[in-house]
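Participant: Structure, please.
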Amino acid sequence: MRRILATGMAAAVIGMTAMTATPAAAEPTSDTPTIPAGATIEPEIDCTPTVAHPYPIVVLPGGDGTTTETAAQWDFMVGSLRDAGYCTLLFQGGIVDGTRWAGDIPSGARQVADFIAKVKHTVGVEKVEIIAHSAGTIVTNYYLKVLGGAPNVSHAVFITPEARDCDGAGFLTALGIKNPPITPVQLLQAFPFLASVIAAAAPDKAVALQMAPTSEVYQAIFNGPIAQPGVRYSVLATRNDELATPAPACSTIDEPGVTMAIYEDLFPAAPPVGHSTIRSDANTAGWVLKQLTN
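Facilitator: Model (predicted):
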């Protein structure tokens, strides 16, 4: 029995580690060692907004891939935005070993802040719009809420974000572990000391703990309202999300100022989409364009 329990706990910890190794990171706090900020890949700011589309769009991909995969993953969405006349700029931050948003979350949010400031100065605008997927929504929320970036953003469009009610079980499923007796989040809530143990034993995985409900980074983002005054929010989740679990609760932001939508409700006849494939879907691109014009 003890061995089974230990195995289950280890699996839960692994799942928690996998879950937030993709998201991103945070300022060194008492529950995490120093985490690298990671590198950035900035696009050339070579477009000009129009009267019809006055705000540049900053696209923040998720952590579900390497930088060598970004172009293929986002080709359809970025192409659709540009074809519709939007000044579209895809920014990648928190890059560690080629993986997006694998660095410290607050540091990644500051990278976003610096890029947006550069866009505003270069283009000569007061605000931008953000389209973020998965881990990209975490750094966006940190930027908007904690770093005070809301006055610089007109509209935040989130695709399968990771919000308050995630349990980490989806990442166990990805490892072949189904229906665990305890989820990674439940484990860390029951045994808070495990956070420092894991961080000390595997510093490269410490970023995973920044999205545990016990962490200071998580609490800075999710204690109190997520949505910030002056910013419009549009959120698209899927019931088939295999990573942001339980779905769609993990991706739901039910607050004033937020337009919340479920993919299957909007497109009941469409083929299934998942946590990652939703961002490359034609229906999703159409929904994003509709949100931008509403």
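Participant: hey, let's count contacts and neighbours off CA atoms from now on
Facilitator: Noted.
Participant: So residue 39 sits against residue 94, correct?
Facilitator: Yes. Residue 39 lies in contact with residue 94 (Cα atoms under 8 Å); the separation is 5.5 Å.
Participant: quick one: which of these two has more around it?
Facilitator: Per other Cα atoms under 10 Å, whichever of residue 39 and residue 94 has more neighbours is residue 94, with 31 against 20.
Participant: which SSE is the more buried one in?
Facilitator: Per DSSP states H and E: residue 94 is located in strand 92-95.
Participant: low pLDDT regions in the stretch 151-294 of the chain?
Facilitator: Scanning the stretch 151-294 of the chain with the threshold set as pLDDT under 70 gives 174, 204-205.
Participant: what about the helices in it?
Facilitator: 169-174, 184-190, 193-201, 216-222, 263-266, 282-293 (DSSP state H, counting those that start in this stretch).
Participant: picking that back up, given the strand holding residue 94, what are its sheet partners and their directions?
Facilitator: In the sheet, strand 92-95 lines up against strand 39-41 (antiparallel) (DSSP bridges).
Participant: Pull the residues that contact the strand it pairs with.
Facilitator: 91, 92, 93, 94, 95, 96, 111 (Cα atoms under 8 Å, 6 or more residues apart in numbering).
Participant: farthest-separated two in those?
Facilitator: 91 and 96 (14.8 Å; Cα to Cα).
Participant: Now do the contacts for the residue nearest to residue 161 when sequence neighbours are not counted.
Facilitator: Distances taken as Cα to Cα, 6 or more residues apart in numbering put residue 134 closest to residue 161, at 4.5 Å, once the chain neighbours are dropped. By Cα under 8 Å, 6+ apart, the residues touching residue 134 are 23, 61, 62, 63, 158, 159, 160, 161, 162, 275.
Participant: and the helix or strand hosting residue 116, which residues are buried?
Facilitator: Secondary structure assignment for residue 116, by DSSP H and E: helix 105-123. Within helix 105-123, the residues that count as buried by 16 or more other Cα atoms under 10 Å are 105-113, 115-117, 119-120, 123.
Participant: Now do the closest residue to residue 141 other than its chain neighbours against residue 90, distance only.
Facilitator: Using Cα to Cα, 6+ apart and skipping residues adjacent in sequence, the residue nearest residue 141 is residue 221, 6.5 Å away. Using Cα to Cα, to the nearest Å, residue 221 is found at 23 Å from residue 90.
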